[in-house]
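Colleague: no FASTA, just this:
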């Protein structure tokens, strides 16, 4: 890499003699995955297996991404907000683990506003490259019966649900991009992994993370992981990827009731 700013993002591999450091990093990575995206990926794969074993075809099943937590509005808002806050605490923990004396982890992985204009432009391009084909893949998978119906938000949401959906989208963007890219790229590179080994592994983990939605979601998110991983390796900044992911999810979450009304065969939950 010719850009020194990008080179500073990714650490060199640990020397072979640093066996104790390598063992410590392996344990750290394993524990982080066990309490975050790795745990979710395992449950997601089990969910897909269970859905495949039901007598009801996968195409006639559904899953809810942002369900109501309580019938009373006040408690529903409180529970949802706390769920988002505690999920973001995991992101904070990962950033803390990346912190080094004299080096800001946020600046090192590019999760800051120093180049926000450029980050926003790159995010807009990624939205077009990922969002539109991803939507087409989901529609095709639903029509072919390869995906469950993903109910992105309640169809009868009150106005105060919209800010919570925006926060949920931000949580998804931060959780996946900071851990899959900012954290795992750093740690796996220190352990001596090749760049394409890291990109392929994190993309596969991202696909498994969304396996509960069906085969189409696995393929689409694996492809997204390849593109995002390549971009992060090239740009050395996670911010445009967080922005793109968050905006894609905001459109999906907030726009879901309209999409379900206009194209019920693809987006609406199946009839009981």
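Modeller: Happy to help now that I have it. Only a predicted model underlies this, so the values are computations on that prediction, with no experimental measurement involved.
Colleague: what about the strands in the chain?
Modeller: 62-64, 149-151 (DSSP state E).
Colleague: would you turn those strands into TSV with mean pLDDT, mean neighbour count and distance to residue 25?
Modeller: Where C-beta positions appear, they are placed from N, C-alpha and C, glycine not excepted. Converted to TSV, the strands of the chain look like this (pLDDT from 0 to 100; neighbours: other CB atoms under 10 Å; distance: least, CB to CB, whole Å):
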stretch	mean pLDDT	mean neighbour count	distance to residue 25
strand 62-64	93	15	34
strand 149-151	93	20	35
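Colleague: right, so of those, which gets closest to residue 259?
Modeller: With CB to CB as the measure, strand 149-151 is the member of the strands of the chain nearest residue 259 (10.8 Å).
Colleague: residues in contact with the closest one?
Modeller: The contact list for strand 149-151, computed with CB atoms under 8 Å, 6 or more residues apart in numbering, reads 59, 61-65, 67, 138, 142, 213, 217, 256, 267-270.
Colleague: between the strands of the chain, which one is nearest to residue 226?
Modeller: Closest approach to residue 226 among the strands of the chain (CB to CB): strand 149-151, 21.6 Å.
Colleague: parallel or antiparallel, which strands does that closest one pair with?
Modeller: According to DSSP bridges, strand 149-151 forms sheet pairs with strand 62-64 (parallel).
Colleague: shouldn't residue 205 be in contact with residue 36?
Modeller: No: taking contacts as CB atoms under 8 Å, residue 205 lies outside contact range of residue 36: 10.7 Å.
Colleague: how much space separates the residue nearest to residue 79 when sequence neighbours are not counted from residue 228?
Modeller: Of all residues not flanking residue 79 in the chain, residue 69 sits nearest, at 3.8 Å (CB to CB, 6 or more residues apart in numbering). Distance of residue 69 to residue 228, given as CB to CB, to the nearest Å: 30 Å.
Colleague: try residue 76
Modeller: For residue 76, the distance to residue 228 (CB to CB) stands at 32 Å.
Colleague: neighbour-wise, which of those two wins?
Modeller: A side-by-side neighbour count of residue 76 and residue 228, using other CB atoms under 10 Å, places residue 228 first with 27 against 18.
Colleague: tell me the contacts of the spatially most central residue of the chain?
Modeller: Among the residues of the chain, the one closest to the centroid is residue 176, at 3.3 Å (CA atoms, centre = their mean). Applying CB under 8 Å, 6+ apart, we find residue 176 in contact with 37, 206, 209, 245.
Colleague: kindly recompute the last result at 10 Å.
Modeller: Residue 176 sits next to 36-37, 40, 91, 202, 205-206, 209-210, 221, 224-225, 228, 241-242, 245, 249 when contact means CB atoms under 10 Å, 6 or more residues apart in numbering.
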